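> next one to model:
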Amino acid sequence: MTVFEATTGQGETPPADSVAPRDSTADAPTSVTRLNATIRDFIARWNTVWVEGEITSWNVRAGNVFARLKDTRSDAQISIRVWSSVRARIPSDIGVGDHVVAAVKADYFVKAGDFSFAVSAMKHVGLGDQLERLEKLRVQLRQEGLFDPSRKKRLPFLPHVIGLITGERSDAEKDVHRNAELRWPQVRFRTEYAAVQGDRCVPDTLAALARLDADPEVDVIIIARGGGDPQTLLGFSDERLVRAVAAASTPVVSAIGHENDHPLLDDVADLRASTPTDAAKRVVPDVGEQRALIAQLRSRATSRLTQRLTHDIAQLEQLRSRPVLRSPAPIIDARAQETWLLLGRGRDAVNRQLDDAGRRTGELRASLRALSPAATLARGYAIAHLDGGVILRDATDAPAGSSLTITLDRGSLAARSEGEIPEGD
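Residues are numbered from 1 along each chain as shown. Here you go, the predicted structure:
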């Protein structure tokens, strides 16, 4: 621990080195040296910790190593220093892209105000441990349903534009382009380059996937890499990438090209291709095969149409060869005689019904005539009406002096009542 001592006269500002940072004020500030020393003394009390990450830079200067260690699941990084004495004890093949575990202790350089971690031990993370964690993640994602066949999207028969995510100037890019264009020469690509291993693999692939998925012209996306050892393929099992592929609205094809220890991308993709070449063959149809299929379908349609026409013509000839169609006069004559016979029967039936109706009408007319007032008057009866046209039915209704109208069969008479005639007179 650094100790600062100074003496001052009464009323004088103390030297900056003598002011502790926590006691500093605008009038009595601490010095940069004192501040850095305080930070170093505080950090020196931290214990050594074991940290896991991926080496993103590894620079050797004068036997010492100055490097960066990145979190495997995010962009967080730290600076590390490996002194030559420690470097002699760690594996000599450690370098950029390696997944390691290191024992580190925080260190702060007072002169430069530089914070880093001093490495006292470092080793590769065993591939077995990484694969074990990968399998646990695979089980978790499967339980969440991300690998269910029911959620996988169907690929278009002939994509308008194919999105391709791969390494720049890689063999995978050439294989996909060459084989797709051999199958369908007019195929169109929209290529996004990304690191296919190392610390940039996941962020580059995520960004490329987002751009292609947002492009309305892209109908399918291929993520391609030309194989590699399981260690270099770990980026394609990153949980962030797996979930992004599951959430994409555009169908995604995985073409990593590694049969054993396949990455999680293969499980979540809508289609897994064994190689970039296989992906090209499965994403676009073969123009030669399609032409042959069209010719075959045309031939089948022509054959079936010819068969149908031949069958219908044969049936028509068979119908035309029947005697009834060859000489229809006898049938027509027979039907004419039958028609005339039925017509005569119908005419007789109508006449009978008309005669019956005429007789019935005469009977009804006679009945109506017998019941009508005119028929009653014709038999010598008369109808007496009071003034106003009221029919007289009771003698008491026509007292003496009442004017009456007498209606006869022919004509009417005016009369005057002389009163009721008693019965018996």
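
> quick check: pLDDT value at the residue nearest to Glu420 when sequence neighbours are not counted.
The shortest distance from Glu420 to any residue other than its chain neighbours is 4.4 Å, reached at Ala395 (Cβ to Cβ, 6 or more residues apart in numbering). C-beta coordinates here come from the backbone N, C-alpha and C atoms, glycine included. Reading off the per-residue confidence, Ala395 sits at a pLDDT of 82.

> what's the local residue count around Ala395?
Ala395 has 13 neighbours, counted by other Cβ atoms under 10 Å.

> what about the strands in the chain?
49-61, 64-70, 77-82, 99-109, 114-124, 161-166, 189-193, 218-224, 252-255, 271-272, 383-386, 403-407, 412-416 (DSSP state E).

> give me whichever of those strands is most buried.
Burial among these, expressed as mean neighbours by mean count of other Cβ atoms under 10 Å, is greatest for strand 252-255, which shows a mean of 27.

> partners of that one in the sheet?
When sheet partners are counted by DSSP bridges, strand 252-255 sits next to strand 218-224 (parallel), strand 271-272 (parallel).

> so can I have JSON lines of the ones you listed showing mean pLDDT?
Output for the strands paired with strand 252-255, formatted as JSON lines (pLDDT from 0 to 100):
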{"stretch": "strand 218-224", "mean pLDDT": "96"}
{"stretch": "strand 271-272", "mean pLDDT": "94"}
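
> would you list the ones you listed in a markdown table and tack on distance to Asp98?
Written out in a markdown table, the entries for the strands paired with strand 252-255 read as follows (distance: least, Cβ to Cβ, whole Å):
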| stretch | distance to Asp98 |
| --- | --- |
| strand 218-224 | 24 |
| strand 271-272 | 28 |
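
> looking at the ones you listed, which is closest to Asp107?
Closest to Asp107 of those, according to Cβ to Cβ: strand 218-224, at 40.8 Å.

> give me the residues contacting that closest one.
Among residues not part of strand 218-224, those counted as contacts by Cβ atoms under 8 Å, 6 or more residues apart in numbering are 155-156, 159-166, 170, 172-173, 175-176, 190, 205, 209, 212-213, 236, 245, 248, 250-257, 265, 269, 273, 276, 279-280, 283.

> list phi and psi for Gly411.
Here is the backbone geometry of Gly411 (degrees, to the nearest 10): phi 90, psi 180.

> gap between Arg345 and Asp229?
Here the distance between Arg345 and Asp229 works out to 105 Å (Cβ to Cβ, to the nearest Å).

> in the protein, which helix is the longest?
helix 329-371 (DSSP state H).

> show me how far that one is from its chain's centre.
Relative to the centre of its chain, helix 329-371 is centred 75 Å away, using Cα atoms, centre = their mean, to the nearest Å.

> in TSV: the strands of the chain, plus distance to Leu182.
Compiled in TSV, the strands of the chain are given as follows (distance: least, Cβ to Cβ, whole Å):
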stretch	distance to Leu182
strand 49-61	38
strand 64-70	41
strand 77-82	44
strand 99-109	39
strand 114-124	42
strand 161-166	14
strand 189-193	14
strand 218-224	16
strand 252-255	16
strand 271-272	20
strand 383-386	120
strand 403-407	120
strand 412-416	122
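
> how about those, which one is nearest Leu297?
That would be, of the strands of the chain and by Cβ to Cβ, strand 218-224, which comes in at 24.6 Å.

> report the inter-axis angle for that closest one versus strand 161-166.
Regarding strand 218-224 and strand 161-166, their directions subtend 20 degrees when assessed with axes from the mean of the first three to the mean of the last three Cα atoms, to 10 degrees.

> off-centre distance for strand 218-224?
Relative to the mean C-alpha coordinate of its chain, strand 218-224 is positioned 18 Å out (Cα atoms, centre = their mean).

> extract the C-alpha trace of it and format it as PDB.
Listed in PDB are the C-alpha atoms of strand 218-224, where the atom choice follows Å, rounded to 0.1, in the frame of the first residue of the first chain:
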ATOM      1  CA  VAL A 218     -36.300 -13.000 -50.200                       C
ATOM      2  CA  ASP A 219     -38.400 -16.200 -50.100                       C
ATOM      3  CA  VAL A 220     -35.800 -18.600 -48.500                       C
ATOM      4  CA  ILE A 221     -32.600 -18.100 -46.500                       C
ATOM      5  CA  ILE A 222     -29.600 -20.500 -46.600                       C
ATOM      6  CA  ILE A 223     -26.900 -20.400 -43.900                       C
ATOM      7  CA  ALA A 224     -23.900 -22.200 -45.400                       C
END
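
> no further queries at this time; thank you.
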